[in-house]
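[1] Sharing a model prediction with you, sequence too.
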Amino acid sequence: MMPAEKAPLLLVAACALIDPDGRVLIARRPEGKAFAGAWEFPGGKVEAGEYPEAAVVRELREELGVEPCERCLQPFAFASHPMEDGRHLLMPLYVCRKWDGFPDPKEGQEIAWVKPHDLSRYALLPADIPLAAELRDRL
Ligand SMILES: Nc1nc2c([nH]c(=O)n2[C@H]2C[C@H](O)[C@@H](COP(=O)(O)OP(=O)(O)OP(=O)(O)O)O2)c(=O)[nH]1
């Protein structure tokens, strides 16, 4: 899709949790959500007045019951992607290697710990495909 010259931005913040073996946590969007069945990095929309790191902490808590160390969220890459509804997605992706708690899917989503070079085997959301390539090449 050709990007439109003007489009309202949708700001979403996401995070790749990295375990001690270098695997990345991805989650499968549950039934009932837009893009159900696609794999993504945990995260969600940044609320009005919220900064992106706080949005990541809030979403990881809500979706997975984990408490990342906010200082340990490391900016890694971003997605800039035209959406089908006419908006334009801008999504910083952080990486995080330190958190409290054990990731436990709270919203019926499936989760997987995946080696970066295996991320391409999963049906990721389109905006995430270049991010997966960056994780493979730079992590
Ligand atoms: N969380 C997340 N969203 C992504 C990724 N890649 C991508 O294109 N998106 C898109 C899908 C959605 O259009 C949007 C995020 O919306 P969402 O529905 O997950 O956010 P949310 O949890 O705040 O949603 P809600 O409360 O409105 O249901 O960003 C990704 O890796 N992680």
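    Nice, I can see it.
[2] got the residues of this structure near the ligand?
    Within the chain, the positions near the ligand by CB under 6 Å from any ligand atom are 12, 14, 33-35, 40-41, 43-45, 89, 91, 125, 127-128. Backbone N, C-alpha and C define where each C-beta goes, glycine included.
[3] Mind listing the residues bridging to the residue of the chain found nearest the ligand?
    The nearest approach of the chain to the ligand comes at Gly44, 2.9 Å away (CB to the nearest ligand atom). With DSSP bridges as the criterion, Gly44 is bridged to Ala13.
[4] was I right about it contacting Val57?
    No - here Gly44 lies out of contact with Val57, judged by CB atoms under 8 Å, at a distance of 11.3 Å.
[5] Neighbour count: these two, which is higher?
    Val57 (21 against 16; other CB atoms under 10 Å).
[6] Before we move on, what's the pLDDT of that one?
    pLDDT, Val57: 98.
[7] cool, Met2 as well?
    61.
[8] dump the residue contacts of the residue of the chain closest to the ligand.
    Val12, Ala13, Ala14, Ala55, Arg58, Glu59, Glu62, Glu63 (CB atoms under 8 Å, 6 or more residues apart in numbering).
[9] Tell me how far it lies from Leu60.
    10 Å (CB to CB, to the nearest Å).
[10] secondary structure class for Phe102?
    coil (DSSP: H, G, I helix; E, B strand; the rest coil).
[11] just checking, it touches Val66?
    Yes - counting by CB under 8 Å, Phe102 touches Val66, with 7.3 Å between them.
[12] Between these two, tell me which one has more neighbours.
    It is Val66, of Phe102 and Val66, that has more neighbours when counted by other CB under 10 Å, with 20 against 8.
[13] Quick check, pLDDT for the more buried one.
    Val66 is assigned 98 on the pLDDT scale.
[14] Wait, it touches Lys98, no?
    No - Val66 is beyond contact range of Lys98, at 10.3 Å (criterion: CB under 8 Å).
[15] tell me, what's touching the two both at once?
    With CB under 8 Å, 6+ apart as the test, Val66 and Lys98 reach no residue in common.
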